[in-house]
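Asker: Any chance you can model this:
(chains A, B, C and D)
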Number of protein chains: 2
Amino acid sequence: MSYANILSALADPTRRAIVERLAQAPSSVGDLAREFPVSRPAISQHLKVLTDAGVLDVTSQGNRRVYRLDPNGMTDLRDWLDGLWDTALQAFAEEAKTQALKENSNER
Amino acid sequence: MSYANILSALADPTRRAIVERLAQAPSSVGDLAREFPVSRPAISQHLKVLTDAGVLDVTSQGNRRVYRLDPNGMTDLRDWLDGLWDTALQAFAEEAKTQALKENSNER
DNA sequence: CTGATTGGTAAGTAAAGACTTACGGTAAGC
DNA sequence: GCTTACCGTAAGTCTTTACTTACCAATCAG
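Answerer: Numbers count the residues shown, from 1 in each chain, chains lettered A, B, ... in the order given. Down below sits the predicted model:
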């Protein structure tokens, strides 16, 4: 369920840049906004999307809100990718098996 | 570079459903269109996006075009995720080290 | 207490994108 | 050949969304 939100969150280039930036070090909203060519409210909205998706988390430090990468944030996405991979492999093996059976019955 | 296209391709629910469907078995365009509540051209457009992103590949079988999951299609995305993870871990370790140094200098 | 940072939210706008119908082009079946 | 099935693309519509400015609440500094 959650991998969908993660994917749509990471689909936006600005949000990806924010994530890559926060992977290097946590940062406050204003500091982020100064590093990007968009306004601070835009950054705020992006941070909300990313936080709702579970990619980031926040801690309030007095006046400032420090955003950082959530270590477990991407696991749902990774699991989904692994699942896709598994079913594809399984389907391929199944296909190969039935194919082999057909070949066998066609024996001359 | 390519992980961006993969992410924006996988951001759409219909395209995700197509990918999940094709993970189970390859399929032609018409067969896919009959399984989904959107028109065949819509499916065609989605397939183009997914193919351009490298997630799918096509083989022409006579009249029909059979789409299937590209086994290497997701590796770029996976690599990007791993890279994010690595830099986050590295940054965290760096942070912990400088933090430890500071603690040390504050010794009473 | 007063003024200045910090940042979240509301409202409006403009661009992106997910759909539709209509059309054209190629391979299959008779 | 002529018709039918299959599918990609063009053009247009409608929704989504990424951005802006304006506003407000909360914390910090003097």
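Asker: And the helices in chain A?
Answerer: A:2-10, A:13-24, A:29-35, A:40-52, A:75-105 (DSSP state H).
Asker: Go through the shortest one and flag the buried ones.
Answerer: So the one you mean is helix A:29-35. A:V29, A:L32, A:A33 (16 or more other C-beta atoms under 10 Å in any protein chain shown). In this view, the C-beta of every residue, glycine as well, is placed from N, C-alpha and C.
Asker: ok, and which of the helices of chain A has the densest surroundings?
Answerer: Compared across the helices of chain A, helix A:2-10 shows the largest average neighbour count, a mean of 21 (mean count of other C-beta atoms under 10 Å in any protein chain shown).
Asker: Which elements pack onto it?
Answerer: Packing partners of helix A:2-10 (3 or more C-beta pairs under 8 Å, 6 or more residues apart in numbering or on different chains; DSSP states H and E): helix A:13-24, helix A:40-52, helix A:75-105, helix B:2-10, helix B:13-24.
Asker: Using JSON lines, lay out those together with distance to DNA strand D and mean pLDDT.
Answerer: Converted to JSON lines, the helices and strands packed on helix A:2-10 look like this (distance: least, C-beta to the nearest atom of the strand, whole Å; pLDDT from 0 to 100):
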{"stretch": "helix A:13-24", "distance to DNA strand D": "4", "mean pLDDT": "98"}
{"stretch": "helix A:40-52", "distance to DNA strand D": "3", "mean pLDDT": "98"}
{"stretch": "helix A:75-105", "distance to DNA strand D": "17", "mean pLDDT": "80"}
{"stretch": "helix B:2-10", "distance to DNA strand D": "9", "mean pLDDT": "97"}
{"stretch": "helix B:13-24", "distance to DNA strand D": "10", "mean pLDDT": "98"}
